[in-house]
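Asks: fold the stuff below for me.
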Amino acid sequence: MIFIMKHTKLNRRTFFTIYAGALAAGILDTGPGSSALAQSKPESDRITVPELELVGKQRPPLFGQGFNLRKPAAKAFERMCAEAKRDGIHIYSYSSYRNFDHQKRIWNRKYQLGVRQKMKPIDNIHSILRYSTLPGTSRHHWGTDCDLIDRAQPEPPDPLHGNHFTENGVYFQLYHWLWENAEKYGFYEVYTNDPRRTGFAYEPWHWSYAELSIPFLHQFHTVLIKKYLDSPDISGRNHLTNDFLKRYVREWGFGVNPELIPSV
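Replies: Below you'll find the model as predicted:
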């Protein structure tokens, strides 16, 4: 749905306030990088990387001061940060590249917390999968994605929380700026606030460099991820069946902004 307002002049903040409210109410399904806003979509079948890089087992060439992204993404990110700084926004990558072991530590810590809370294994897994991926399946393994905050603002104790990106939130102006400008630099919001989207919960802080992440997602669906999870040091591995993992790739891996889904 696209709103067309005739004979009405709104300033940028008023417009975005209306937009954010409509999005939260579920009556507007466009967003940063959505089909209504994007001008083009990169080819999805031209770039491949070693599978070990794709699953975080091998570190790719990474670039950046204070962040780690592949070279094209890093250059685009630096240009985006420079423009944002002129507008009084200090974009900071709270998290960018993470390897397999890093993601495994996150997974195991959350799984063991669920065990202590006496959660059933499958409920425990689904609870973790609201915001955290299985090791080997994180987009942060690719060197294309980053979690963004604004260092021009005081950092709250839990910076990656959705409330901070809503109106009156500490990162509302950052989100506003990204919504208007990130697409010019090839970055798109990954886990949009679209009720029809499957998989992970809404993450307004998570942005991806589409030129690389689209072909990487295209390649990812061919990976037999179970072989990387069949290890005694991965909590809950016995419940990660082939059928579950097929569903996981389909609903969580591909449950992203449509502009980041391969066309083939």
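
Asks: centre of the chain to stretch 109-121, how far?
Replies: 25 Å (Cα atoms, centre = their mean, to the nearest Å).

Asks: list the buried residues of that stretch.
Replies: Lys110, Tyr111, Gly114, Met119 (16 or more other Cβ atoms under 10 Å). Quick note: C-beta positions are derived from backbone N, CA and C, even for glycine.

Asks: give me the contacts around it.
Replies: Asp123, Asn124, Ile125, Ser127, Ile128, Ser132, Ser235, Gly236, Asn238, His239 (Cβ atoms under 8 Å, 6 or more residues apart in numbering).

Asks: those strands in the stretch 101-250 of the chain, which residues are they?
Replies: Using DSSP state E, counting those that start in this stretch, the strands found in the stretch 101-250 of the chain span residues 145-150, 187-191, 203-209.

Asks: could the ones you listed be laid out in CSV, adding mean pLDDT and mean neighbour count?
Replies: Output for the strands of the stretch 101-250 of the chain, formatted as CSV (pLDDT from 0 to 100; neighbours: other Cβ atoms under 10 Å):
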stretch, mean pLDDT, mean neighbour count
strand 145-150, 98, 24
strand 187-191, 98, 25
strand 203-209, 98, 26
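
Asks: near Asp233, how many other residues are there?
Replies: Asp233 has 9 neighbouring residues, counting by other Cβ atoms under 10 Å.

Asks: do you know the pLDDT at it?
Replies: Listed pLDDT for Asp233 reads 96.

Asks: with Lys41 instead?
Replies: At Lys41, pLDDT is 52.

Asks: still on that earlier bit, would you mind putting the buried residues of stretch 109-121 into CSV with distance to Tyr228 and pLDDT alongside?
Replies: Converted to CSV, the buried residues of stretch 109-121 look like this (distance: Cβ to Cβ, whole Å; pLDDT from 0 to 100):
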residue, distance to Tyr228, pLDDT
Lys110, 18, 98
Tyr111, 16, 98
Gly114, 21, 98
Met119, 24, 98
